[in-house]
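Colleague: Can you look at this prediction? I've put the sequence above it.
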Amino acid sequence: MAETVKSELQAELSERKGDYAETAQGLAKKKAWQPYVDAVLGLSNYWYPAFFSHELAEGEIKGEMILGEKIVFKRVDGRVYALEDRCAHRGVKLSARPECYTKNTITCWYHGFTYNVKDGKLEAIITQPDVKMRIGLRTYPTEEKSGLIFVFIGDMEPLPSLASGTPPGLLDEGVVTRGVRRLVKSNWRHGVENSFDFTHIYLHRNDALMKARHMPLPYATKVVLNEQAFHMVEDEEGRNGLFVHATANEPPIFEVEIEGTTVRSPRAPAPGKPVGNADFETSIWMPGCLRVDPWPAKGMQIYSWTLPIDETTHYYWAIVATKVANAYEEQEFYNEVDYLWKDLALTTGFNDSDIFAREELEAPYAEEDFWYREATFRPDIFILQWRMLCARRHRGLHKRLWSTEKAR
Amino acid sequence: MAETVKSELQAELSERKGDYAETAQGLAKKKAWQPYVDAVLGLSNYWYPAFFSHELAEGEIKGEMILGEKIVFKRVDGRVYALEDRCAHRGVKLSARPECYTKNTITCWYHGFTYNVKDGKLEAIITQPDVKMRIGLRTYPTEEKSGLIFVFIGDMEPLPSLASGTPPGLLDEGVVTRGVRRLVKSNWRHGVENSFDFTHIYLHRNDALMKARHMPLPYATKVVLNEQAFHMVEDEEGRNGLFVHATANEPPIFEVEIEGTTVRSPRAPAPGKPVGNADFETSIWMPGCLRVDPWPAKGMQIYSWTLPIDETTHYYWAIVATKVANAYEEQEFYNEVDYLWKDLALTTGFNDSDIFAREELEAPYAEEDFWYREATFRPDIFILQWRMLCARRHRGLHKRLWSTEKAR
Amino acid sequence: MAETVKSELQAELSERKGDYAETAQGLAKKKAWQPYVDAVLGLSNYWYPAFFSHELAEGEIKGEMILGEKIVFKRVDGRVYALEDRCAHRGVKLSARPECYTKNTITCWYHGFTYNVKDGKLEAIITQPDVKMRIGLRTYPTEEKSGLIFVFIGDMEPLPSLASGTPPGLLDEGVVTRGVRRLVKSNWRHGVENSFDFTHIYLHRNDALMKARHMPLPYATKVVLNEQAFHMVEDEEGRNGLFVHATANEPPIFEVEIEGTTVRSPRAPAPGKPVGNADFETSIWMPGCLRVDPWPAKGMQIYSWTLPIDETTHYYWAIVATKVANAYEEQEFYNEVDYLWKDLALTTGFNDSDIFAREELEAPYAEEDFWYREATFRPDIFILQWRMLCARRHRGLHKRLWSTEKAR
């Protein structure tokens, strides 16, 4: 269900006016999307992807930091369980030296505190078997679907559905996934915003993928701010998303004038060749997953999930998905991603430029208050809408559970 | 002289109760051993080992940071002198480019300020000989015994004896020492606590030393909290120590039950082989030195001294000691430590596991307030007693002498 | 025009008295040269060297941080233009991926925001050509002279002349320059003070340059604090400088007595060899450039400019200058600097010792408040005069334009 655009725009424009009329001092805490500016550690009460399924074998233990929380995962009888990765006794990470004696437990390497992965309760203390303590570790809900292991970060009850925090299509029957997860040294919001930024494609004009696919790339497409430019949805599953289809009805622009000189895009089509608009659909979904369909090839979708690790780093998930009918098709898809798209679309041939941009954004926003100084332009309406969406629909701004500040 | 255990335990237990009943916020500054929690930079007014004697040759100059203080050492006519390692003129470290013109002096490499190492007074200024300034550097008392150079950190008068701050035995006539000094990236307290932690031996069960010595290793020994479990002493020299002999009267436990499965220690003795209790005595001494006798072999003791460098690093001294009757025995001992025990007991074969544990403790205690959140169990009574001992008997919590906070 | 020395000295001496009589706490904010102590990020409203001319070719783009400001430079038709290196749109550095479509513009690699380098105004937005925004980047005045590109940091109007902030001689007709620019990990003031510190030459006594030039090096020259020892000038161009010529009338001292022993300089002249005073003139100029004439050889001058990068780093410019009559002489000079003086005088053979000293000064001044604890001696009168000069004549202490503190 689309929402009306007008009042959004008015809010945004009056905000913009203020932005230039007042000092930075005066602007503090006045953004229309202020909760988003404050969401340094990500959005609480959502499901986040932790691993590809094939990364965690039966009985295997792995730790990760997600939204600032240390979490250890173990797969038992096919199911994945997740616990606080911090022994209740002295605080060390269980995953630092993974150790198991029985199927359902993880044992701390230091003093043998042994926790049941299903409820987090202390099952035994190897170094003092007669001692019983009613302590345990926090457990995290997990789900596994479409080749991905998801973990729920938050404390909301009842537990929101996995569907409500994943983009449409990803959980469909028959969907398989393949891809990469890369560490980026920037806050997560620079990751999300870069991912669906309408004009950031300019950054990619010299990337190998463009050449390999013979993609003509216009300098611009005029953005007309009407109700066709984008629309927000909240679907029957509770998903909150924003569709960007600004280019739908406008012709691509391959030439711009600078200083009286006409400069033609090196990726303009050859004379006589047909020029189409973008033939893919772009949408962004809370808590931070881009969907492009089709991409990087027909019959495939990409889900680029931005996963906050801590305040200054995030994982850049590039998940390629498709539907397969049988094991042969599945293996063929994996081969195609592993041997073609991984280099060409997910790393050196394309996404490296995105990582470059995300990391360049970190300094001005973290050190120079660019949240209050940026000069957004018309196509950024999509980014501002995304911020407004998060500000209005978020289920909590995540905070560190344990910190020196809290205890003293 | 042993002290009564009961009141200690009561204090500890009531403390523990509070620990679980209240929020972390409410717990702040309420620990029975609070001075220990505040002793971030170590305990003042104790002697600390700075070097092995053989590390500082006649006339040689070396600098170290100890309890946050920069100190430069020089050996003159066999005696070691210690000075503030910070030229009074412009503050640079004298040890950065060691320089000497005469036996009793150290000259600053920058402008030739020359200090007498015996009293720290400015003796001459090479670059302006006619200028006399009544300035000088702080001197530190030193002592050398049993192959170790000690330095006194503090300002107490009269000066406490070296014996009062070293474990028994180390200074005895005929004792020689050999070992290693390794940098560990954690606060010093994690070093001390790990060193005599009764159950941390679990961590070592796969270390090479265990296999080389065919040591059976029980999972546990039941700790009975009676007056035989441990005792504190303050001896006639003024030493404060804590003896841990919990295992004396209890049988070792080689099997534990987890999830209904009996799990046998891989280091359990073969059927029919005799199983003894630990045949060594363990004690810990203020300001932070473990003594194990005998270890790593009969006729030897190990003194594991935890030396605070700064707030987040410490030296892990592993000093093997023995008594020798002549130079031949002395050299034989050095050879045995250098070519056998150094690898097998002091580094890769055993102590590397301790360094791993000490560094894993740093994050939860430094960043997540684990001093107020830890869930200690029965065998930790020894650690809590150590904390109580330090809280009651310490001679001052060390603070940085010079800092921006103090001057502005 | 020389100023009277007496009142300066009196101020300095009464200051010194206070220094020793009071605690560091009491001394806070009482230095006679307090503005200098506060000038952490350098002096505003001066010209600073950004590059050697040959480092920026026609059409080339390079970024640098100068006094904490990110600046991007481009050469157009031979002239150098300088802009804020921070796109107004999202804050990224234009210089991170330099990009140009037309002669007078720089285009941001991220979204195609294109700025005219001459006035900083937004000329076009490649990714949305019909959008017009009245935004722009701050521009910086530049000048190019004697083979150096200068940039003005500040906001003073009218713009002070380049001459008023450069040492005499550097801008003269026919002057050419050559040299190096090296990163030093210390605050800029340690760079300046080290550069003309009268007695720091002691530090260099074993450097290769001394041996190569057969330079005898006395331990000391007596400093007599009279009106001949130094003089400050403010010339008709507005330059503020300080000449140090303490050695003019005093004999060099090659022997000093320490602990009753006479110690002779290893760089004393051989018996019978003549000994002269230093045959070069030393002066220091605001905002921080040493001039030594002649140095490193006859007919040459060195200009050692200390350029603040940020609070804890600076560039150490070593600029050798000479006058040439024709292109042949010019090339011969470049060859001599590149193949002889660069190693022998500007880096390994001499200046590496200065970098060592500058970096050693960082810790005591930054962490241990040495501004309030240092024990200056008589020859430091030159340094104290420099500080007084800066405290009285500076045109502003530089502050970061944009920071989190300012906006929130």
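Modeller: In hand now; what should we look at?
Colleague: C-alpha only now, for contacts and for neighbours.
Modeller: Noted.
Colleague: where's the residue positioned nearest the centre of chain A, which helix or strand?
Modeller: Taking Cα atoms, centre = their mean, the centroid of chain A lies closest to residue A:306, which sits 2.1 Å from it. Assigned by DSSP states H and E, residue A:306 belongs to strand A:301-310.
Colleague: any idea of the mean pLDDT for that strand?
Modeller: For strand A:301-310, the mean pLDDT works out to 98.
Colleague: Which neighbouring elements make contact with it?
Modeller: strand A:46-52, strand A:61-66, helix A:188-196, strand A:289-293, strand A:313-323 (3 or more Cα pairs under 8 Å, 6 or more residues apart in numbering or on different chains; DSSP states H and E).
Colleague: neighbouring strands for that strand, and are they parallel or not?
Modeller: Next to strand A:301-310 in the sheet, as set by DSSP bridges, lie strand A:289-293 (antiparallel), strand A:313-323 (antiparallel).
Colleague: As PDB, could you dump the C-alpha coordinates of stretch A:54-73?
Modeller: C-alpha atoms of stretch A:54-73 as PDB (Å, rounded to 0.1, in the frame of the first residue of the first chain):
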ATOM      1  CA  HIS A  54      27.200 -24.200   4.100                       C
ATOM      2  CA  GLU A  55      29.500 -22.300   6.400                       C
ATOM      3  CA  LEU A  56      28.200 -24.100   9.500                       C
ATOM      4  CA  ALA A  57      28.500 -27.900   9.300                       C
ATOM      5  CA  GLU A  58      26.800 -30.400  11.700                       C
ATOM      6  CA  GLY A  59      28.400 -30.000  15.100                       C
ATOM      7  CA  GLU A  60      30.500 -27.000  14.100                       C
ATOM      8  CA  ILE A  61      30.800 -23.900  16.300                       C
ATOM      9  CA  LYS A  62      31.500 -20.400  15.100                       C
ATOM     10  CA  GLY A  63      31.300 -16.900  16.700                       C
ATOM     11  CA  GLU A  64      30.400 -13.600  15.200                       C
ATOM     12  CA  MET A  65      29.700 -10.100  16.500                       C
ATOM     13  CA  ILE A  66      26.300  -8.800  15.300                       C
ATOM     14  CA  LEU A  67      25.000  -5.400  16.300                       C
ATOM     15  CA  GLY A  68      27.700  -5.200  18.900                       C
ATOM     16  CA  GLU A  69      26.600  -8.500  20.500                       C
ATOM     17  CA  LYS A  70      28.900 -11.500  20.700                       C
ATOM     18  CA  ILE A  71      27.100 -14.600  19.500                       C
ATOM     19  CA  VAL A  72      28.200 -18.200  19.200                       C
ATOM     20  CA  PHE A  73      26.400 -20.600  16.900                       C
END
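Colleague: Residues in contact with the one helix or strand residue A:243 maps to: which ones?
Modeller: Residue A:243 is part of strand A:240-244, with elements assigned from DSSP H and E. With contacts defined as Cα atoms under 8 Å, 6 or more residues apart in numbering or on different chains, strand A:240-244 is touched by A:164-165, A:167, A:198, A:229-234, A:281-286, A:382, A:385-386, A:389, A:393.
Colleague: how near is the residue in the stretch 201-350 of chain A that chain C sits nearest to to residue C:214?
Modeller: Nearest residue of the stretch 201-350 of chain A to chain C (Cα to the nearest Cα) works out as residue A:220 at 4.3 Å. Distance, residue A:220 to residue C:214, by Cα to Cα, to the nearest Å: 68 Å.
Colleague: Let's verify residue A:364: helix, strand, or coil?
Modeller: Classification of residue A:364 by DSSP: H, G, I helix; E, B strand; the rest coil places it in helix.
Colleague: That one contacts residue C:93, doesn't it?
Modeller: No. Using Cα atoms under 8 Å, residue A:364 makes no contact with residue C:93, being 9.1 Å away.
Colleague: Could you check which of residue A:220 and residue C:214 has the larger neighbour count?
Modeller: When neighbours are counted by other Cα atoms under 10 Å in any protein chain shown, residue A:220 and residue C:214 differ, and residue A:220 comes out ahead with 27 against 11.
Colleague: per-residue confidence for the more buried one?
Modeller: pLDDT, read off for residue A:220, is 88.
Colleague: What residues does chain A have near chain B?
Modeller: A:88-93, A:101-102, A:104, A:109-112, A:123-124, A:126-131, A:133, A:402-404, A:406-408 (Cα under 8 Å from any Cα of the partner chain).
Colleague: now these: which count as buried?
Modeller: For the residues of chain A next to chain B, a burial check counting by 16 or more other Cα atoms under 10 Å in any protein chain shown picks out A:88-93, A:101-102, A:104, A:109-112, A:123-124, A:126-129, A:402-404, A:407.
Colleague: show me the residues around residue A:116 that make contact.
Modeller: A:104-106, A:122-123.
Colleague: circling back: the residue of the stretch 201-350 of chain A closest to chain C contacts residue C:127, correct?
Modeller: Yes. With contact defined as Cα under 8 Å, residue A:220 counts as touching residue C:127 (4.3 Å).
Colleague: okay, how far is it across stretch A:108-122, tip to tip?
Modeller: This stretch, stretch A:108-122, spans 11 Å end to end (Cα to Cα).
Colleague: Would you agree residue A:375 falls within a strand?
Modeller: No. With three-state DSSP as the criterion, residue A:375 is assigned coil and is not in a strand.
Colleague: Name all residues that make contact with it.
Modeller: So residue A:375 contacts C:88-90 (Cα under 8 Å, 6+ apart).
Colleague: Repeat that for residue A:390.
Modeller: A:33, A:35-36, A:286-287.
Colleague: out of those, which are buried?
Modeller: Buried, going by 16+ other Cα under 10 Å: A:33, A:35-36, A:286-287, out of the contacts of residue A:390.
Colleague: Please, which helix or strand holds residue A:331?
Modeller: helix A:327-336.
Colleague: How about residue A:388?
Modeller: Of the helices and strands defined by DSSP H and E, residue A:388 is found in helix A:381-393.
Colleague: Check which residues of that helix are buried.
Modeller: Along helix A:381-393, these residues count as buried under the neighbour rule (16+ other Cα under 10 Å): A:381-391.
Colleague: Now render these as TSV, adding pLDDT.
Modeller: TSV is the format used below for the buried residues of helix A:381-393 (pLDDT from 0 to 100):
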residue	pLDDT
A:381	92
A:382	93
A:383	96
A:384	95
A:385	94
A:386	96
A:387	97
A:388	96
A:389	96
A:390	97
A:391	96
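Colleague: Closest one to residue B:210 out of those residues, please.
Modeller: Within the buried residues of helix A:381-393, proximity to residue B:210 (Cα to Cα) peaks at residue A:390, which comes in at 56.6 Å.
Colleague: From chain C, how far off is the closest one?
Modeller: Distance, residue A:390 to chain C, using Cα to the nearest Cα, to the nearest Å: 20 Å.
Colleague: next one: residue A:187
Modeller: For residue A:187, the distance to chain C - Cα to the nearest Cα - is 14 Å.
Colleague: Just confirm that residue contacts residue A:312, I think it does.
Modeller: Yes. Contact criterion Cα under 8 Å: residue A:187 and residue A:312 qualify, at 4.5 Å.
Colleague: residues shared between the contacts of those two?
Modeller: Common neighbours of residue A:187 and residue A:312 (Cα under 8 Å, 6+ apart) are residue A:362.
Colleague: of the two, who's got more company?
Modeller: It is residue A:187, of residue A:187 and residue A:312, that has more neighbours when counted by other Cα under 10 Å, with 29 against 16.
Colleague: Point out where chain A drops to low pLDDT.
Modeller: Across chain A, residues meeting the criterion (pLDDT under 70) sit at A:1-29, A:247-249, A:274-278, A:403-408.
Colleague: Domain parsing of it, as residue ranges.
Modeller: A:59-145, A:161-393 (automatic domain parsing).
Colleague: could those domains go into JSON lines alongside distance to residue C:374?
Modeller: Putting the domains of chain A into JSON lines (distance: least, Cα to Cα, whole Å) gives the following:
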{"stretch": "domain A:59-145", "distance to residue C:374": "44"}
{"stretch": "domain A:161-393", "distance to residue C:374": "33"}
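Colleague: Now residue A:86: closest residue in space that isn't a chain neighbour?
Modeller: residue A:93 (4.6 Å; Cα to Cα, 6 or more residues apart in numbering or on different chains).
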